[in-house]
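Engineer: My questions are about this predicted structure, shown below with the sequence.
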Amino acid sequence: MPKINLLQAVNSALDTAMDADSRVVCLGEDIGEFGGVFRATSKLQEKYGKQRCFNTPITEQGIVGFSIGLAAQGSVAVAEIQFADYIFPAFDQIVNEAAKFRYRSGDQFNCGGLTIRTPYGGGIAGGLYHSQSPEAYFCHTPGLKVVIPSTAYQAKGLLLSAIRDPDPVIFFEPKAIYRAEAGDVPDTDYELPLGVAQVVSTGTDITLVGWGAQMHQLHRAAKMAAKDGISCEVIDLCTLLPWDADTVAKSVTKTGRLIISHEAPRTGGFAGEIAATIQERCFLSLESPITRITGLDTPFPLVFEKEYLPDYLKVFEAIKASVHF
Amino acid sequence: MPKINLLQAVNSALDTAMDADSRVVCLGEDIGEFGGVFRATSKLQEKYGKQRCFNTPITEQGIVGFSIGLAAQGSVAVAEIQFADYIFPAFDQIVNEAAKFRYRSGDQFNCGGLTIRTPYGGGIAGGLYHSQSPEAYFCHTPGLKVVIPSTAYQAKGLLLSAIRDPDPVIFFEPKAIYRAEAGDVPDTDYELPLGVAQVVSTGTDITLVGWGAQMHQLHRAAKMAAKDGISCEVIDLCTLLPWDADTVAKSVTKTGRLIISHEAPRTGGFAGEIAATIQERCFLSLESPITRITGLDTPFPLVFEKEYLPDYLKVFEAIKASVHF
Amino acid sequence: MVDKNLVTSVLKFTEAKDMPISTLSLLNADGEILEGAQEPKIDKHTALKIYRDMNYIRVLDERMIGAQRQGRLSFYVTCTGEEASVVGSVAAFSSQDMVMSQYREHAALRYRGFTSKQFMNQLLSNDLDLGKGRQMPIHYGSRDLNYMTISSTLATQIPQAAGYAYGQKLSGNDTCTICYFGEGAASEGDFHAGLNIAAVSKCPVVFVVRNNGYAISTPTVEQFVGDGIAPRGVGYGIPAIRVDGNDILAVHAASVEARNLAIEKSTPVIVETMSYRLGAHSTSDDPTSYRTSEEEEMWRQKDPIERMKKWLLGKGWWSDQQDHQMKDEYKKEILGALKSQEKRQPPVLDHLISDVYQIPPAHLREQYSELLAHIDKYPDHYLPNPTKGHDSYHKPAAQFS
Amino acid sequence: MVDKNLVTSVLKFTEAKDMPISTLSLLNADGEILEGAQEPKIDKHTALKIYRDMNYIRVLDERMIGAQRQGRLSFYVTCTGEEASVVGSVAAFSSQDMVMSQYREHAALRYRGFTSKQFMNQLLSNDLDLGKGRQMPIHYGSRDLNYMTISSTLATQIPQAAGYAYGQKLSGNDTCTICYFGEGAASEGDFHAGLNIAAVSKCPVVFVVRNNGYAISTPTVEQFVGDGIAPRGVGYGIPAIRVDGNDILAVHAASVEARNLAIEKSTPVIVETMSYRLGAHSTSDDPTSYRTSEEEEMWRQKDPIERMKKWLLGKGWWSDQQDHQMKDEYKKEILGALKSQEKRQPPVLDHLISDVYQIPPAHLREQYSELLAHIDKYPDHYLPNPTKGHDSYHKPAAQFS
Ligand SMILES: Cc1ncc(C[n+]2csc(CCOP(=O)(O)OP(=O)(O)O)c2C)c(N)n1
Ligand SMILES: Cc1ncc(C[n+]2csc(CCOP(=O)(O)OP(=O)(O)O)c2C)c(N)n1
Ligand SMILES: [Mg+2]
Ligand SMILES: [Mg+2]
């Protein structure tokens, strides 16, 4: 199996999807000949033609609106938003339209063929507008699915599932590890199930939950903790909406402790949802308060990005605090 | 003191603000001569002229963008979004621009003079697009303040504070009780502090937290519970961002139990944030899991609105379950 | 193509008046072909179908306004005054073409074959409502009739129509999309997004803009400064035409050509119909506070239905007697349908949670089970009762727009 | 006003070619006034300031590209090729007018008086950065110079500029706003929102659209089908003019008139400057994959700075010797500033949480205390070290746009 990075895995998923189904169309800013600012759509226009892979004008609301219509017609639309920070002009089309399309029509029409891909997250000195993690906004929107891979293998399998899923999916790609994260990825066409979390390492003392680039911080923290004799169970959520509460609850019932970590600001972030659900489901098992290790409640900073971001040291400290509560 | 309803209290706040400060400008769809579809801006154009109270073209992103610029210039912009369901085209201007304006400029510029007023919530047979409660989206956005009154008295005092607050404020008005909710409201100019919750009735067994129209369901449920010998402490959050965690935590430390209620869908709703924070702050005091009584994870329905909405019966059942946990 | 190399050394600003746009008119007020104009080809069968459907909608609107006042509906919106803009345009399209509309174009849905009972099922949110009782009255949709379900959010259908049409082009079946919206909705960012992306990706979509003078209370002078919507086509590189929206022949002839252009050249086209919203914005609105009855009266004189009737009578294709009979029949049919369909059950409760996703996920099924258990405790309190009415079911809406 | 009553019985679509727009040109390639053109009035002092600032920016851009390659900056964007569009326009305005720009207009900031050290402070995110180290390089802003802080989100400043200008009008002090953006940004919904609302509310704002042929890799033919941006003015009822953006006299003369119109008639105005982005989109970009070197070379021949220099030499206002000396001085000044300013400290950590609100709320202060306590445990791991560099501080960005 070839070793490729997360970005190449995304490209491979798109290539695989377009090859397998001629209804798949990719569109977005600079994704044509240029292959996208990160090169995720590299060579797709060359291979599948301008009709199926093309540059759009700079209008995120137009890109998503167009893609909804295209999907409603029966095509499979894979739209790229250049940075997740620029997804907000399309918020109305996503939240009021895509998410409610099937419901409001009584299932006469749907835009399930829609997938929106977008690079997200910090760690690249991008400041306010090249670093945001807006996943929680979409997780509060029934009708959407929200998927975030953390490895190259997941990226391909989850993206293929997202493209073929009968509901609209927002697919966030952790750009900080686009090139850093490489692994064995089959050439073949394979899918990973949406809505299923992955227990990446088992443990007994505490559960750590995260997604995307944050998984690497959790792994590193877990390793540090292991040296202190603390056994961590690490869970990669993979799909945030609908999220796999059963897997997390099962783990917390066993460990009695939970830390959730994400880059987005704390208040209203998705860790709150997980904490609220788990304290309800595992009330009698919890031995210490559920802890959230997150970005601060500020816009994403530049110079103090490292201080702002949740990292393995912050998680490690939280693990100790939780275990010694 | 005259008895006026919540809608009239909003109108009175706007009138008071425009009278007191000639820099205050109101704008929005149909808010001019017509006075807005709910008549919240009634007579303001007549009184203060077309330059200070005017109809805009139908463009929410334009209304908010324009208002940000107006506020940055030194005016005080009070923008109306006709229904909260239609605030999403302005999402980018609110989240990427208004919320980050002061921070990104190093406090050289700010748009603190901006207030966005918008009617929200269900209960009027409005279906998907005249019923939504989108407050949680904004509560995940550092830099914004989010305020929701539940009485006429609050509406005037909080709106005046919001207009004069040095930060951008989203002011959600519970339209279901625009006319139902009447009370004594001073003619005079008065302000109520932002960020301060109100303990509306004290109790010892369980804490009920809510905002907006939901407060009436909580009161009713508390009364039912009282008949069963359960003493409820009812808290009206009033400001959701920044929210008054101290007041809630103090109450829960006393009662050991907490129910939070909102109309918005459960997943990612603001109750999750409150639950996550309180389980952390009151871990050792909690005698039962924190419960969320909310809308279902669906778009807002029409025929089954009553079934969808959290109401006093659902809250009452939850109170009993919590107390008998 | 435009000559992009024009050079001048004279400093001069281009203004709106440099781009005069004429209005296509073919019929005069008496239903006669204007001097110098040529009568467009239109067969008797089509002409009569158009005329009948315009009348049907007029009757439906009158009756439903009445029904709303009686509290039998929560909300309603009329097409009154704009029937020619809507029926004249949709009649130029194939039934395989997709219609993506705003909310004031139910006349197009009628033209496609929507029955009185189907209208009632939606308006009453009963068990046969194709939308499963989820949207407010007038948010129709029909997969069978290629009529996209309406959403209240203005202008969102515009970029969607571009995408839909692009898909039609890819599928190569010579269909296109007709997309309706009002001159007010044309101020939304989605208008710009949709028109530009349609032009760049060469989508076969015809945008029919109903310029009816108002957006709720806001007159066009407060909506834009330019000369309406058609001149914007120049900026997008989209062919545009303005027509008298009360002149059925002008609307129809322009729409026939618009569709031809769209399909043959694979291009978007703009058709701006100049007309007037004769009624209130909706049953929540009272227009007396923002416009004069003189203005309304002036436009009532231009009634598109009357004008078409005169033309039909002149051609000998129609008689006054047929006219009376038709109206009576429609009245009866509509009131009968109202009566029969309001006796029906509401949709089943499952539809509260179905169709959020293709398959309801676990957390939603769980929320639903909890709800069912709760309802069991208070059976009288919940669930719409189709005979007695539900607290919120059929409750006249406070205010909508 | 437009005559809204033009009527026709001829069915004809209006097309982009019906609205030809000429480009104002005054200087030929040799820096001579074109035949038949009149030299606009411009005093020597202003002309030389314009010329000097264009050169300053050219030198700054060259040096900063170099600095970025050396890893001393994380990111940079040049104005190269478009200096006349920017300096020629801003020079027509009062220093009290507000500038709201996109990101490629730092030449306007220089014109207003931004110093080399101030540029460096922002580019290096040091303790003197007016933006307190929060935004990526090139996101300048200066309250003192009436230059609104830049945000990366395209086109958002357009409706904001309308609102700012409206406030200026209300305050009655005869100032206006100049709003810059690219032809790519003009596809955003905010463009439509901003231009229309500016027209309707009669805001004194001049929109200067830099049509430079590309939006990152996307050429204008994939951005729009119409003839650029100026013809859109017709649709909005906004006076518009197109100028040769490499012709300093044309840009300046048109901008002077645009400002007059804006203030005197209280109206928005569009100035479209036709030019070319000679460099890469940014230091993250490599244009060789989407355009030819022939095309670049063709535009290099039209260099606006060279053209202005010839004109100045022709007038006897400038000499080659002065030119060399000026460039040397700028080079020295800029490199000196880079050296001195990169030795400075980063901003204080408090700026991580200040200015989110006017006063940090309790929850944020609490998060900050927790952070401080955590940093105390790992003092070597956190906080940018101005001499050694921080993990993420100054790290060349993977990819930005
Ligand atoms: C995004 C959005 N903003 C505001 C509204 C409220 N609204 C409903 S209809 C309407 C006026 C639309 O006017 P126009 O497009 O001219 O259509 P007409 O009613 O005249 O047919 C408004 C403002 C809405 N439905 N959606
Ligand atoms: C809302 C938004 N979408 C996308 C981007 C990414 N982006 C940055 S610059 C750019 C191209 C802008 O082109 P243009 O407006 O022509 O300006 P130019 O770079 O040519 O000066 C794009 C797509 C962004 N910054 N903001
Ligand atoms: Mg209208
Ligand atoms: Mg450009």
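Structural biologist: Good, I have the coordinates. Ligands and ions are numbered 1, 2, ... in the order given.
Engineer: quick check, stretch C:276-292 touching ligand 3?
Structural biologist: No - applying CB under 5 Å from the ion, one finds stretch C:276-292 out of contact with ligand 3, separated by at least 6.1 Å. Any C-beta I mention is one placed from the backbone N, CA and C, and that applies to glycine too.
Engineer: who's in contact with the residue in the stretch 301-401 of chain C that chain D sits nearest to?
Structural biologist: As assessed by CB to the nearest CB, chain D sits closest to residue C:302 within the stretch 301-401 of chain C, at 13.5 Å. Contact criterion CB atoms under 8 Å, 6 or more residues apart in numbering or on different chains gives C:29, C:246, C:276 as the residues in contact with residue C:302.
Engineer: contacting residues around stretch A:179-189?
Structural biologist: Stretch A:179-189 has contacts (CB under 8 Å, 6+ apart) with A:1-9, A:12, A:16, A:20, A:150-153, A:156, A:160, A:174, A:216, D:398.
Engineer: Using PDB, list the CA coordinates for that stretch.
Structural biologist: Output in PDB follows, covering the C-alpha atoms of stretch A:179-189 (Å, rounded to 0.1, in the frame of the first residue of the first chain):
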ATOM      1  CA  ARG A 179       1.300  17.100   4.800                       C
ATOM      2  CA  ALA A 180       2.500  16.000   8.200                       C
ATOM      3  CA  GLU A 181       0.100  13.200   8.500                       C
ATOM      4  CA  ALA A 182       1.000  10.300   6.200                       C
ATOM      5  CA  GLY A 183       0.100   6.700   6.200                       C
ATOM      6  CA  ASP A 184      -0.800   3.600   4.300                       C
ATOM      7  CA  VAL A 185      -3.700   4.300   2.000                       C
ATOM      8  CA  PRO A 186      -5.200   1.800  -0.400                       C
ATOM      9  CA  ASP A 187      -5.400   2.700  -4.000                       C
ATOM     10  CA  THR A 188      -8.700   1.100  -4.100                       C
ATOM     11  CA  ASP A 189     -12.200   2.400  -3.500                       C
END
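Engineer: Can you list the buried residues in that stretch?
Structural biologist: Under the neighbour-count criterion of 16 or more other CB atoms under 10 Å in any protein chain shown, stretch A:179-189 has A:181, A:182, A:183, A:185 buried.
Engineer: from those, which ones fall inside helices?
Structural biologist: Of the buried residues of stretch A:179-189, none are assigned to helices by DSSP state H.
Engineer: What is the nearest of those to ligand 1?
Structural biologist: Using CB to the nearest ligand atom, residue A:181 comes nearest to ligand 1 of the buried residues of stretch A:179-189, at 40.2 Å.
Engineer: where's residue A:25, which helix or strand?
Structural biologist: Per DSSP states H and E, residue A:25 falls inside strand A:24-28.
Engineer: Against which helices or strands is that strand packed?
Structural biologist: Secondary-structure packing of strand A:24-28 (3 or more CB pairs under 8 Å, 6 or more residues apart in numbering or on different chains; DSSP states H and E): helix A:6-20, strand A:53-55, helix A:60-73, strand A:76-80.
Engineer: angle of the third one against helix B:60-73?
Structural biologist: Put plainly, it is helix A:60-73. 170 degrees (axes from the mean of the first three to the mean of the last three CA atoms, to 10 degrees).
Engineer: Can you point out the buried residues in helix A:60-73?
Structural biologist: A:60-73.
Engineer: among those residues, which two are most distant?
Structural biologist: For these, the maximum inter-member distance is 20.4 Å, found between A:60 and A:73 (CB to CB).
Engineer: tell me the phi and psi of the closest residue to residue A:301 other than its chain neighbours?
Structural biologist: Spatial nearest neighbour of residue A:301, chain neighbours left out: residue A:308 (5.1 Å); criterion: CB to CB, 6 or more residues apart in numbering or on different chains. With angles defined as degrees, to the nearest 10, residue A:308 sits at phi -70, psi -40.
Engineer: ok, now residue C:99?
Structural biologist: phi -100, psi 130.
Engineer: Surely it touches residue C:143?
Structural biologist: No - at 11.7 Å, residue C:99 does not count as touching residue C:143 under the criterion of CB atoms under 8 Å.
Engineer: So which of these two has more stuff around it?
Structural biologist: When residue C:99 and residue C:143 are compared for neighbours, residue C:99 comes out ahead with 27 against 14, by other CB atoms under 10 Å in any protein chain shown.
Engineer: Name whatever forms a beta bridge with the more buried one.
Structural biologist: Residue C:99 has these beta-bridge partners by DSSP bridges: residue C:147, residue C:178.
Engineer: One more: residue A:77?
Structural biologist: Beta-bridge pairing of residue A:77 under DSSP bridges involves residue A:25, residue A:114.
Engineer: My read is that it contacts residue A:63, right?
Structural biologist: No - Residue A:77 is beyond contact range of residue A:63, at 9.3 Å (criterion: CB under 8 Å).
Engineer: neighbours of residue C:234, just the number please.
Structural biologist: Neighbours of residue C:234 (other CB under 10 Å): 27.
Engineer: Then residue A:285?
Structural biologist: Residue A:285 has 15 neighbouring residues, counting by other CB under 10 Å.
Engineer: Equivalent analysis for residue C:46, please.
Structural biologist: By the measure other CB under 10 Å, the count of residues near residue C:46 is 13.
Engineer: Let me know the secondary structure of it.
Structural biologist: Put simply, residue C:46 is helix when judged by DSSP: H, G, I helix; E, B strand; the rest coil.
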